[in-house]
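# Quick one: sequence plus predicted model below, questions after.
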Amino acid sequence: MKEAAGEANLTVIAIVLIAIVAAVATPLISNMMKGTADKSCCQQYGGQWKSGGCQDPGVVGNEFDSAGYEECRKAGKGE
């Protein structure tokens, strides 16, 4: 009977550890996905990702569409 109780305790510990890992990993993965989507929108509309934001690279022949970039970001957020 003690073996069954010990196995049950280990199962509970494993479930709690899995829940903790999931609770920590979910926001990290969510932030990475958002950052990747923002960078993709920036490049798609002719921008350059610098210092955590999309900027006009100032290259002749490369038009940066800031309105298109903002619309792309909003669409990615489901707004």
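Ah, there it is. Numbering: from 1, shown residues only.

# all strands for the chain, in order.
Here the chain has its strands, by DSSP state E, at 48-50, 53-55.

# Show me what the last one is packed against.
So that's strand 53-55. helix 2-44, strand 48-50 (3 or more Cβ pairs under 8 Å, 6 or more residues apart in numbering; DSSP states H and E). For every residue, glycine as well, the C-beta is placed using N, CA and C.

# which of these is buried the deepest?
Neighbour counts (mean count of other Cβ atoms under 10 Å) averaged over each of the helices and strands packed on strand 53-55 peak at strand 48-50, with a mean of 14.

# and it, which strands flank it?
Here strand 48-50 is paired, per DSSP bridges, with strand 53-55 (antiparallel).

# Let's test this: mean pLDDT of the partner strand, rounded?
Averaged across strand 53-55, pLDDT comes to 90.

# go on, stretch 33-41?
91.

# Please save the CA atoms from that stretch in CSV.
C-alpha atoms of stretch 33-41 as CSV (Å, rounded to 0.1, in the frame of the first residue of the first chain):
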residue,chain,number,x,y,z
MET,A,33,5.8,35.0,-31.7
LYS,A,34,4.6,38.6,-31.4
GLY,A,35,8.1,39.9,-32.0
THR,A,36,8.6,37.7,-35.0
ALA,A,37,5.2,38.9,-36.5
ASP,A,38,6.1,42.5,-35.9
LYS,A,39,9.5,42.1,-37.6
SER,A,40,7.9,40.3,-40.5
CYS,A,41,5.4,43.1,-41.0
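
# From here on, call the first residue 254.
From this message on, residue numbering opens at 254, which makes the last subject stretch 286-294.

# And the contacts of that stretch?
Contact with stretch 286-294 is made by 302, 307, 322, 325-326, 329, as judged by Cβ atoms under 8 Å, 6 or more residues apart in numbering.

# where does the protein dip in pLDDT?
Across the chain, the ranges flagged by pLDDT under 70 are 254-257, 330-332.

# if you set the cut-off to 50 instead, what comes out?
The model of the chain has no residue with pLDDT under 50.

# Would you mind measuring from residue 325 to residue 259?
55 Å (Cβ to Cβ, to the nearest Å).
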